[in-house]
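Asker: give me the fold of what follows.
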Amino acid sequence: MGASLAGNGGAGRRRGRRYRPMSEINVTPFVDVMLVLLIVFMVTAPLLTVGVPIDLPETQAKPLEGQKEPLTVSVDNQGRVFLQDTEITVEELVPKLTAIAERGVEERVFVRGDRTVDYGTVMRVMGRLNQAGFRRIALVTDIEQGQR
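Answerer: From the prediction side, this is the model:
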C-alpha cells in the first residue's frame, strides 16, 4: 500500500505544476514591421504626386487646403495638355473632365503650367474650363525660396 501512495504523490505533484502562459509581450516583431512600413511610405510618398514633370513657377502665396485626390490639368514646357497623367487635346479636355468630376462643375480643378510655357497656352486651357462652367480653378506654384 505504501508503494501506491508514493506513486500517487508523484503524480499529484505533476498535476500541480500546470503550464502558465508567459505574460510578457514581445514587441520586437511589431517594431520591425513598423520600421519597414515607415521606410516603404517614405520612399513611395514622393511618387504619389502627378507624374507629368513640370518646372513650376514660384510664389509667396500660402498653400491651399488639399482634398483627397484633386483634378489636375497640366501644361508641360512643349504646350502639351495632360489630365491627371494622360495626354489629351484641348478639345477633349472639357468632356473628359466633366465625366470624371464627382461634384460636376463645382469640383476644384488645379492647373499646373510649366514656367517656360507660353502664357497664352495656359490661358486657353483656363478659358475652356471657365467656358464649361468650372469656376473653382486654382493655379499650382512652388513656394518661392528667396527674394530675387
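Asker: for the protein, which segments count as helices?
Answerer: Assigned by DSSP state H, the chain shows helices spanning 2-16, 28-44, 90-100, 119-131.
Asker: contacts for the third one next, please.
Answerer: It refers to helix 90-100. Outside helix 90-100, the residues within contact range by CB atoms under 8 Å, 6 or more residues apart in numbering are 71, 73, 81, 83, 88, 104-105, 109, 124-125, 128-129, 131-132, 134. For the C-beta atoms, the positions are set from N, CA and C on the backbone; glycine is no exception.
Asker: separate out the buried members of those residues.
Answerer: Neighbour counting over the contacts of helix 90-100 (16 or more other CB atoms under 10 Å) leaves L71, V73, V81, L83, I88, V109, R124, V125, R128, L129, A132, F134 as the buried ones.
Asker: chain neighbours aside, what residue packs nearest to the first one?
Answerer: Sequence neighbours aside, V109 is the residue nearest to L71 in space, at 5.0 Å (criterion: CB to CB, 6 or more residues apart in numbering).
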